[in-house]
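Trainee: next input, structure requested:
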Amino acid sequence: IFCQTGDDSICIESNYYREVLYNLEHCIHHQALIKVALLSIKDIQIADGFGVAHSTLQYRQQCAQ
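Mentor: Below is the predicted model of the structure:
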């Protein structure tokens, strides 16, 4: 990935799988924002894991044991 920042430019190594993972995590971020709006609507049920990163769900599960 090539980035131009002012007079400087940098090249960051990446791969297909890293970019797909980034997009997945970014979607979860947007789901979290959507969840905030949905929580203000009465009579709607939202799954506890909606908008929560998989690693956070695993951590919470470990803490509950």
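Trainee: what is the mean pLDDT for the helix or strand where Y17 lies?
Mentor: Secondary structure from DSSP states H and E places Y17 in helix 16-38. For helix 16-38, mean pLDDT is 94.
Trainee: ok, then the element right after that helix?
Mentor: Counting by DSSP H and E, what follows helix 16-38 is helix 54-64.
Trainee: next, the angle from that next one to helix 16-38.
Mentor: 70 degrees (axes from the mean of the first three to the mean of the last three C-alpha atoms, to 10 degrees).
Trainee: ok, the residue most central in space within the chain to K35 distance?
Mentor: Among the residues of the chain, the one closest to the centroid is E25, at 3.0 Å (C-alpha atoms, centre = their mean). According to C-beta to C-beta, to the nearest Å, E25 stands 15 Å off from K35. Just so you know, the C-beta spots here come from the backbone N, C-alpha and C atoms, and that holds for glycine as well.
Trainee: show the contacting residues for the residue nearest to the centre of the chain.
Mentor: Going by C-beta atoms under 8 Å, 6 or more residues apart in numbering, E25 touches A53.
Trainee: can you tell me how far it sits from T5?
Mentor: In terms of C-beta to C-beta, E25 sits 23 Å off from T5.
Trainee: and for L39?
Mentor: Distance from L39 to T5, by C-beta to C-beta: 38 Å.
Trainee: try L24
Mentor: In terms of C-beta to C-beta, L24 sits 26 Å off from T5.
Trainee: between these two, point out the one with more neighbours.
Mentor: Between L24 and T5, counted using other C-beta atoms under 10 Å, the more crowded position is L24 (12 against 7).
Trainee: rewinding a little: from D7, how far off is the residue nearest to the centre of the chain?
Mentor: Separation of E25 from D7 (C-beta to C-beta): 31 Å.
Trainee: and stretch 46-61, how far apart are its ends?
Mentor: 19 Å (C-alpha to C-alpha, to the nearest Å).
Trainee: pLDDT on stretch 4-12, on average?
Mentor: For stretch 4-12, the mean per-residue pLDDT is 75.
Trainee: quick one: C3 is in a strand?
Mentor: Yes. Using DSSP: H, G, I helix; E, B strand; the rest coil, the assignment for C3 is a strand.
Trainee: kind regards, and thank you for your time.
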